[in-house]
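Trainee: From the sequence below, what's the structure:
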Amino acid sequence: MPTAVDRAAARIREEFDEMPGLALTPEQAARFLGLEESIARSAVEHLVVTGWLTKGRRGAQIGRAHV
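Mentor: Model prediction:
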C-alpha cells in the first residue's frame, strides 16, 4: 500500500513531467500541490536521492533531472 510520501512523490513526478523546466523550492512545491510540507519535503528528498530530481547549486530549487 503506497504511503503518503509515495503518493506525493508520484504527484510531484507527474507535475514535473507535464511542465518541463519547472523549478520550485520544496516549500513552493508543497503549496503548489496542496501537500503537507513535511510530506512534500520527504517526497522531494526521495526523488533527489534516486536521481529523478536535482537540487540547484544553493540547494533551494528543485528541477527535473536530465535523463
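Trainee: Check the burial of Met19 by counting its neighbours.
Mentor: Neighbourhood size, Met19 [other Cβ atoms under 10 Å]: 11. Bear in mind the C-beta positions are built from the backbone N, C-alpha and C, glycine included.
Trainee: Give the residue spans of this structure that score low on pLDDT.
Mentor: 58-61, 65-67 (pLDDT under 70).
Trainee: would you list every one of the strands in it?
Mentor: Along the chain, counting by DSSP state E, strands occupy 23-24, 53-55, 62-64.
Trainee: Format the ones you listed as JSON lines; extra columns: distance to Ala9.
Mentor: JSON lines is the format used below for those (distance: least, Cβ to Cβ, whole Å):
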{"stretch": "strand 23-24", "distance to Ala9": "14"}
{"stretch": "strand 53-55", "distance to Ala9": "9"}
{"stretch": "strand 62-64", "distance to Ala9": "12"}
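Trainee: Closest to the centroid, which residue in this structure?
Mentor: Central residue of the chain (Cα atoms, centre = their mean): Val44, 3.8 Å from the mean position.
Trainee: Leaving out chain neighbours, which residue sits closest to it?
Mentor: Closest residue to Val44 in three dimensions, ignoring its sequence neighbours and counting by Cβ to Cβ, 6 or more residues apart in numbering: Pro26, at 4.7 Å.
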